[in-house]
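Q: structural data only, the sequence is not supplied:
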């Protein structure tokens, strides 16, 4: 069964019209039918049901006894309750904070039965050494064969953060004096090597997708829209025609990942031409979404395979936008502002400091180590300029 998002977080609608509550409660994904196809009724039932589920979490907290013999599992449960009750965290942020529990259960299952006071910094360090050494391999869900170490910098650092937060629960309740995970050193992230298409290759990808029957036009609109604006795919889901100001040539991106994600930027010529083409098909409501497609991953995969271009994702199109802007002469701080970064360009410089080979080759031709040519000797009777 297929589901579509609604304007309300955690509220989705099935292909048959029935609304469902879809939310993570204590790290578990919960689906509940709201038994209505009317949005206003579903919204009210959604709020009541979500509040009831969260009240159940608070009641569960009362069953956990805080004592010197508190186990790591008890502290995890209290941390989960704190995260779920934090109204400032978005659902994705809550999921990101709680997800490392699964990794820890795979890599260090014995810790959950240990008393907090018995867990030493040396034990935490030994776990990190084993994990980073690839000792805890696993088979991904739905994988037919093969295992992976699962020890990427992102995964390791997320578990380190999870450990520190859980131990802080013990410190707050007087069970621990210091945090055993405080001395763990985060793993340096791997630098992603961007393998982006050049302009000719990107045009071929778009042409291939747009030429597909049915879904192709909508997928191609999304691909071009992400590449010409630098939006995240989640931001494109929330972009409506009311966010476009054609008179001032401005685009307001309704970002939500960080405080600086919502931003107003100038429309590039390519983006403006694209949205004008879409609008010409007949758009009468400013509250309608600009891009109909939620995803274009399948279309991108088939187009890349057909054109011989390395595999691309939605986020690679954001990289393509930033790289093209820098190659066109836009300064890095301005590009960072357009992307919604708050660091003044530090992240953009680290990410896009290595630009595409074609641009590097052209730039390298400008580099010369030859001595400057001598100026001609002054004619007789003429004084040399000082």
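A: Nice, I can see it. These figures come from a predicted structure and were not determined experimentally.
Q: ok, residue 332 to residue 317 distance?
A: As judged by C-beta to C-beta, to the nearest Å, residue 332 and residue 317 stand 19 Å apart. C-beta: built from backbone N, CA, C; applies to glycine.
Q: again with residue 216
A: From residue 216 to residue 317 the distance is 17 Å (C-beta to C-beta).
Q: same check on residue 230?
A: Taking C-beta to C-beta, one finds residue 230 at 8 Å from residue 317.
Q: quick revisit: neighbour count: residue 216 and residue 317, which is higher?
A: Legend: neighbour count by other C-beta atoms under 10 Å for residue 216 and residue 317, higher for residue 317 (26 against 17).
Q: and the more buried one, what does it touch?
A: With contact set as C-beta atoms under 8 Å, 6 or more residues apart in numbering, residue 317 has these partners: 223, 226, 227.
Q: which one of those is nearest to residue 235?
A: Set against residue 235, the nearest of these by C-beta to C-beta is residue 226 (9.1 Å).
Q: how many neighbours does the residue lying closest to residue 37 once chain neighbours are set aside have?
A: Spatial nearest neighbour of residue 37, excluding adjacent residues (C-beta to C-beta, 6 or more residues apart in numbering): residue 17 at 4.0 Å. Counted by other C-beta under 10 Å, the residues lying close to residue 17 total 9.
Q: gap between the two ends of stretch 236-256?
A: Stretch 236-256 has an end-to-end distance of 11 Å (C-alpha to C-alpha, to the nearest Å).
Q: could you do stretch 4-20 as well?
A: End-to-end distance for stretch 4-20, by C-alpha to C-alpha: 10 Å.
Q: quick one: buried residues of it?
A: The neighbour-count criterion (16 or more other C-beta atoms under 10 Å) identifies 6, 10, 11, 12, 13, 18, 19, 20 as the buried residues of stretch 4-20.
Q: go ahead and name everything in contact with it.
A: Here stretch 4-20 has contacts from 1-3, 21-23, 31-37, 39, 42-43, 45-46, 50, 90-91, 237, 294, using C-beta under 8 Å, 6+ apart.
Q: distance from it to the middle of the chain?
A: The chain centroid and the centroid of stretch 4-20 are separated by 23 Å under C-alpha atoms, centre = their mean, to the nearest Å.
Q: avg pLDDT for that stretch?
A: Mean per-residue pLDDT for stretch 4-20: 84.
Q: all strands of the stretch 151-300 of the chain, in order?
A: 244-245, 250-253, 263-266 (DSSP state E, counting those that start in this stretch).
Q: select, out of those strands, the one closest to residue 119.
A: strand 263-266 (43.6 Å).
Q: mind listing what's buried in that closest one?
A: For strand 263-266, a neighbour-count test (16+ other C-beta under 10 Å) marks 263, 265 as buried.
Q: can you pull the buried residues of stretch 134-154?
A: Quick answer for stretch 134-154 (16+ other C-beta under 10 Å): 136, 150, 151.
Q: likewise for stretch 204-213?
A: Buried residues in stretch 204-213 (16+ other C-beta under 10 Å): 204, 205, 206, 208, 209, 210.
Q: now those in a markdown table, with distance to residue 299 and pLDDT?
A: Listed next are these as a markdown table, based on distance: C-beta to C-beta, whole Å; pLDDT from 0 to 100:
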| residue | distance to residue 299 | pLDDT |
| --- | --- | --- |
| 204 | 13 | 95 |
| 205 | 9 | 96 |
| 206 | 10 | 96 |
| 208 | 8 | 95 |
| 209 | 5 | 95 |
| 210 | 9 | 94 |
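Q: how close does the closest residue to residue 343 other than its chain neighbours get to residue 154?
A: Among residues not flanking residue 343 along the chain, residue 336 sits closest, at 7.0 Å (C-beta to C-beta, 6+ apart). According to C-beta to C-beta, residue 336 stands 21 Å off from residue 154.
Q: count the residues that sit near residue 222.
A: Using other C-beta under 10 Å, residue 222 has 25 neighbouring residues.
Q: err, residue 259, not the other one
A: The number of residues near residue 259, taken as other C-beta under 10 Å, comes to 9.
Q: determine the three-state secondary structure at the residue nearest to it when sequence neighbours are not counted.
A: Leaving aside its chain neighbours, residue 259 sits nearest to residue 342 (7.2 Å; criterion: C-beta to C-beta, 6+ apart). Under DSSP: H, G, I helix; E, B strand; the rest coil, the three-state class of residue 342 is coil.
Q: correct me, but residue 342 touches residue 257?
A: No. Residue 342 is beyond contact range of residue 257, at 10.9 Å (criterion: C-beta atoms under 8 Å).
Q: can you list the domains in the protein?
A: Listed by automatic domain parsing, the domain ranges of the chain are 1-63, 65-139+149-190, 199-361.
Q: so where's the stretch 201-350 of the chain uncertain?
A: Where the stretch 201-350 of the chain drops to pLDDT under 70, the residues are 260.
Q: re the thing from before, which of the contacts of residue 317 fall within helices?
A: Judged by DSSP state H, helices contain the following of the contacts of residue 317: 223, 226, 227.
Q: closest one of these to residue 311?
A: residue 223 (13.7 Å).
Q: now do the helices in the stretch 151-300 of the chain.
A: Per DSSP state H, counting those that start in this stretch, the stretch 151-300 of the chain carries helices over the ranges 153-172, 199-210, 216-229, 233-238, 269-279, 297-307.
Q: can you tell which of those helices is closest to residue 98?
A: helix 153-172 (7.9 Å).
Q: the closest one: which residues count as buried?
A: Across helix 153-172, burial judged by 16+ other C-beta under 10 Å covers 155-163, 165-170.
Q: from the chain's centre, how far out is that helix? Work that out for me.
A: Centroid displacement of helix 153-172 relative to its chain, using C-alpha atoms, centre = their mean, is 21 Å.
Q: swap in stretch 130-145?
A: Put simply, stretch 130-145 sits 23 Å off its chain's centre (C-alpha atoms, centre = their mean).
Q: gap between the two ends of that stretch?
A: End-to-end distance of stretch 130-145: 23 Å, with C-alpha to C-alpha as the criterion.
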